[in-house]
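J.: Give me a model of this one.
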Amino acid sequence: PPSQRPPSPSWKAEEPCDGQIEPTKVTYDPVTGIPSEYNAFMPKDSNAHKKWRAHLSGTKCSQGDRKTEDLFSCKGESLATTKQKSSGKGIGEILLEKCTRKFKRLATLVSGLESFGISLDEAKRVFSKKFACSCTVLKVAQNPSQKQIIVQGDVVSELATFLCEIYADKGVNYHNVFHKQNNRKTAILPP
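T.: The predicted structure is shown next:
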């Protein structure tokens, strides 16, 4: 019967809403044509990324007889030295790499922590407590002056989040942490 109809839904407002959400204004980078916060995540081999990196470093590269891979060997300061001067701290990167050990056991290699002033022995203890596993500090085979931490198990994504949380005061953030897979570095996106 019509008298037993449910009341009209509450979402049908009779007065217009005053609290409308304003659209987000996005600023686009004049060099690449995409939003500025996405420039670091462009493919490293694209021409737009190379132009952006050259623009940031303040060098003027002519592509005349040079290859596109050679754009960063121009005269002038590199991107790393420019950022070092502006931030006051040394710029570095932390590489996380998943590898297979004996009997198909997985391990995570962590390198580059010392560029942020992080003690490897302290980090080893913190990682072993957090992930309940064994950690070891070893010299890098290609460069014996550098050291890396080997963490048992595949903990790449958890380790990236953990590094950004506990070492944020030393300058570690998601822009400095990379996942190395098949000899390619990829940025790790925040969760």
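J.: Going by C-alpha atoms from here, please, whenever you check contacts or count neighbours.
T.: Will do.
J.: Disregarding residues adjacent in the polypeptide, which is nearest to residue 48?
T.: Among residues not flanking residue 48 along the chain, residue 32 sits closest, at 5.5 Å (CA to CA, 6 or more residues apart in numbering).
J.: Next up, the contacts around that neighbour.
T.: 39, 48, 49, 51, 52 (CA atoms under 8 Å, 6 or more residues apart in numbering).
J.: What of residue 156?
T.: Neighbouring residues of residue 156 by CA under 8 Å, 6+ apart: 96, 97, 98, 108, 179.
J.: For those, pick the one with the most neighbours.
T.: In terms of neighbour count, residue 96 stands highest of the contacts of residue 156 at 27 neighbours, by other CA atoms under 10 Å.
J.: what's across from that residue in the sheet?
T.: Counting by DSSP bridges, residue 96 is bridged to residue 110, residue 179.
J.: Now do the helices in this protein.
T.: 47-57, 79-87, 120-131, 156-166 (DSSP state H).
J.: Could you provide those helices in TSV, with additional columns for distance to residue 189 and mean pLDDT?
T.: As requested, the helices of the chain are exported to TSV (distance: least, CA to CA, whole Å; pLDDT from 0 to 100):
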stretch	distance to residue 189	mean pLDDT
helix 47-57	18	80
helix 79-87	21	35
helix 120-131	21	94
helix 156-166	9	91
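J.: got JSON lines for the ones you listed, with distance to residue 183 too?
T.: Output for the helices of the chain, formatted as JSON lines (distance: least, CA to CA, whole Å):
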{"stretch": "helix 47-57", "distance to residue 183": "19"}
{"stretch": "helix 79-87", "distance to residue 183": "21"}
{"stretch": "helix 120-131", "distance to residue 183": "24"}
{"stretch": "helix 156-166", "distance to residue 183": "16"}
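J.: Find the least confident helix or strand in the chain, judged by mean pLDDT.
T.: Lowest by mean pLDDT, DSSP states H and E among the helices and strands of the chain is helix 79-87, with a mean of 35.
J.: Run through this protein and note the low-pLDDT ranges.
T.: Applying pLDDT under 70 to the chain flags residues 1-19, 58-91, 191.
J.: one more time with 50
T.: 10-11, 13, 61-90 (pLDDT under 50).
J.: Contact partners for residue 139?
T.: 145, 146, 147, 148.
J.: From residue 159, how far off is it?
T.: 20 Å (CA to CA, to the nearest Å).
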